[in-house]
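Asks: coordinates only, sequence not included:
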């Protein structure tokens, strides 16, 4: 059966999360100075990204809650034993610069226009309030029939239950849905294991995953969904 809907990851797929986060932190460091232990802003920026990934993985695994994972990121980055209110205040200052840097990737709106014949939904491992506000501010929330997020679902990708919940919200079977995301395991492989068609959006051209359907830009997606096999899709894809 043909693909009837495209289910989308949000951060670093539609929304340039990494770019916005890095620009925000660079601005905050410019205003507040380097935390102790960092020799250069680039070193601090790289470590902030690593710390964020570590604590996000803890949250995704159910080891901590959303607010606590953010506080722990701040404490580790600053190497300070901050009270919750102090960590929250620091993160709010970061958030001001982060939101000012929000942007979609340039290929997002053109491809959504081209894929007007498909239904669309979004499935994120973040929280619905934040992702709804983000997509609304970026002018694309109305493009997605459903927005499902791990914080409210109580289950995160790559758990099949997260993908199945999104398919149920769309009233479609998993084999009727393609999932597009920037993480090879959490997104593409997770979708495949749940019975969807998983597509890895490898914007950084990391490669090395012959087991996955892979594209390097969204401009390749319309042809892939229509059955063009140039990008590694099986002949029955579509």
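Replies: Done, it's in. Keep in mind that this is a model prediction, so the values were computed, not measured.
Asks: from here on, just use CA atoms for contacts and neighbour counts.
Replies: OK.
Asks: the closest residue to residue 214 other than its chain neighbours: which element?
Replies: Spatially, and ignoring its direct neighbours in sequence, residue 214 is nearest to residue 200 (4.7 Å; CA to CA, 6 or more residues apart in numbering). Assigned by DSSP states H and E, residue 200 falls within strand 197-201.
Asks: which secondary structure state does the closest residue to residue 58 other than its chain neighbours sit in?
Replies: Using CA to CA, 6+ apart and skipping residues adjacent in sequence, the residue nearest residue 58 is residue 64, 6.3 Å away. Assigned with DSSP: H, G, I helix; E, B strand; the rest coil, residue 64 falls in the coil class.
Asks: and the residue nearest to residue 214, what are its bridge partners?
Replies: Residues in a beta bridge with residue 200, per DSSP bridges, are residue 181, residue 214.
Asks: re the thing from before, if I look at the residue nearest to residue 58, how far off is residue 156?
Replies: 13 Å (CA to CA, to the nearest Å).
Asks: what do you get for residue 38?
Replies: From residue 38 to residue 156 the distance is 33 Å (CA to CA).
Asks: neighbour count winner among those two?
Replies: Legend: neighbour count by other CA atoms under 10 Å for residue 38 and residue 156, higher for residue 156 (23 against 14).
Asks: check contacts around that one.
Replies: 60-61, 125, 149-150, 162 (CA atoms under 8 Å, 6 or more residues apart in numbering).
Asks: change it to 6 Å
Replies: 60, 125, 150, 162 (CA atoms under 6 Å, 6 or more residues apart in numbering).
Asks: can you list the domain ranges for the protein.
Replies: 5-16+103-225, 17-100 (automatic domain parsing).
Asks: pull the distance from the shortest one to the chain's centre.
Replies: Here the centre of mass of C-alpha atoms in domain 17-100, compared against the chain's by CA atoms, centre = their mean, to the nearest Å, lies 17 Å away.
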